[in-house]
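**Student:** can you look at this prediction? I've put the sequence above it.
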Amino acid sequence: MPTFPDNFMWGAATSGPQTEGNFHKQHQNVFDYWFATEPSAFDAGVGPDTASNFYNDYENDLALMEQAGIKGLRTSIQWTRLIDDFETASLNDDGVAFYNHVIDAMLAHHIKPYINLHHFDLPVELYDKYGGWESKHVVDLFVKFATQCFELFGDRVDDWFTFNEPKVVVDGQYLYGWHYPQVVDGPKAVQVAYNMNLASAKAIAKFHEICPAAEKRIGIILNLTPAYPASDDPADVEAADFAEQWSNNLFLDPAVLGHFPDKLVERFTRDGVLWDSTPAELAIIAANPVDYLGVNYYHPFRVQRPDISPTSLQPWLPDIYFKEYEMPGRVMNVDRGWEIYPTAMTDIANNIRENYHNIPWFISENGMGVAGEERFMDEKGIVQDDYRIDFMKEHLTALVKGINAGSNCLGYFVWSGIDCWSWNHAYHNRYGLIRDDIHTQTKTLKKSAGWFNELSRTNQFEN
Ligand code: BGP
């Protein structure tokens, strides 16, 4: 029977922009603005304005999470809610009161808060004025916002994260046009990656000044997608090696080891796209590694050699070095379009143990998004989501292998506690242990919530 260490943290993850709704929010983030100007970019024209109504319903939502055995909740503070003036980081009273209440309510429900500071939600004003993460001024504004968070909530919150999936910001907002501002520019994306690494290190430095106690810890959340070559042909292996560096090590190495991967720096230098950096900034990155890591894992990255020659693609894009590969026979989550490959959990655990000082880490997101869950409701209205339970079992079985081999994994946070708004896909795919009927804002525990509660109580499950 898969069994987890004592004190293993059984949690759930979500984010401010995906749950709160925009009630009383002063500013728009890039998604709010995009929805206001182009609602058709979102599934069924549903935007983040109401989301899961967490702003109004957090007491009830947290009570249900407690019933689901969720002992830790990872959510985020929205920059656009907490701050009135981004230049001075002056506070918004309603925002401060809201996050104070939420944190107090989590503690009252025996749910440990894990607070993240950025979940894709750049204030649109900072894009309009400065180009967002292209700008080092925005790096410093983020640090001012982070400082306010540590000072306001650091007394009650022990566990912090600077960014959720900064690589998705690089890819989605600056490289492939998935997310607003839909910039498609390789060299800018490279600079954005550097700036976000710098912002994380600078915020970590501030955190340790403001919250020096040993039980206070800060990390970064990375979506690690292990890159597997399509074959053992050297050209495929080399492509996978680049994909691993670009997709994973670009943030993992500076966060944990304090420096960027040499191979990547060499390639960017050769291609004339290396970021603008200073020795003083690189020293800040070197001096401020994370205390621990959050790892979001959903799917692997299958890679083959590129079919374009490096010189033919102008302007520069990283795709000159690799191409995604659809492995025949792969198991798919058809609704989300992602391969299901639990073994990668073991590979991630081993990689962190062997190559990253066996740093403490969590699975900070893992979950199964399914469309049309009404189909699976029983006569009492309970979603019988056995597929979600099976998904968690398979991934946890692979994770426990890594833990038994010595990996220092401290917990598992399922995505998500409650069905929430998912960027372009809005409410199409549901991930929650708790169902949200978005028409009535009624919340109901799914079958998986009962299973999770048992897991969290016993630290083990029957396979
Ligand atoms: C991660 C994000 C989450 C969440 C999840 C599910 O990348 O951190 O915010 O959305 O993916 O993905 P999606 O919502 O695109 O189905």
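**Tutor:** Ah, there it is. Numbering: from 1, shown residues only.
**Student:** write out the residues of the stretch 151-300 of the chain neighbouring the ligand.
**Tutor:** 164-165, 168, 223, 296 (C-beta under 6 Å from any ligand atom). In this view, the C-beta of every residue, glycine as well, is placed from N, C-alpha and C.
**Student:** select from those residues every entry located in strands.
**Tutor:** Judged by DSSP state E, those include 164, 223, 296 as members of strands.
**Student:** let me see the contact set for residue 45.
**Tutor:** residue 39 (C-beta atoms under 8 Å, 6 or more residues apart in numbering).
**Student:** tell me how far it lies from the ligand.
**Tutor:** 17 Å (C-beta to the nearest ligand atom, to the nearest Å).
**Student:** next one: stretch 81-92 to chain centre, how far?
**Tutor:** Centre-to-centre, stretch 81-92 and its host chain are 24 Å apart (C-alpha atoms, centre = their mean, to the nearest Å).
**Student:** any idea of the mean pLDDT for that stretch?
**Tutor:** Stretch 81-92 carries an average pLDDT of 98.
**Student:** mind listing what's buried in that stretch?
**Tutor:** 81-83, 86, 89, 92 (16 or more other C-beta atoms under 10 Å).
**Student:** what's that stretch in contact with?
**Tutor:** So stretch 81-92 is contacted by 16, 20, 24-27, 79, 94-96, 98-99, 123, 125-126, 141, 144-145, 147-149, 152 (C-beta under 8 Å, 6+ apart).
**Student:** need the buried ones from these selected in PyMOL.
**Tutor:** Here is the PyMOL command that selects only those of those that count as buried (16+ other C-beta under 10 Å):
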select buried, resi 16+20+25+27+79+94+95+96+98+99+123+125+126+141+144+145+147+148+149+152
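**Student:** got the residue ranges for the strands in the stretch 351-463 of the chain?
**Tutor:** Remark: strands assigned in the stretch 351-463 of the chain by DSSP state E, counting those that start in this stretch are 361-365, 370-371, 409-415, 429-430, 434-437, 442-445.
**Student:** just name the most buried of these.
**Tutor:** Highest mean neighbour count of these: strand 361-365, a mean of 26 (counted as mean count of other C-beta atoms under 10 Å).
**Student:** and it, C-alpha only, in CSV?
**Tutor:** C-alpha atoms of strand 361-365 as CSV (Å, rounded to 0.1, in the frame of the first residue of the first chain):
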residue,chain,number,x,y,z
TRP,A,361,10.1,20.4,-2.4
PHE,A,362,6.3,19.9,-2.9
ILE,A,363,4.1,18.8,-5.6
SER,A,364,2.4,22.2,-5.7
GLU,A,365,-0.1,21.2,-8.5
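**Student:** partner strands of it and their direction?
**Tutor:** Paired neighbours of strand 361-365 in the sheet (DSSP bridges): strand 292-296 (parallel), strand 409-415 (parallel).
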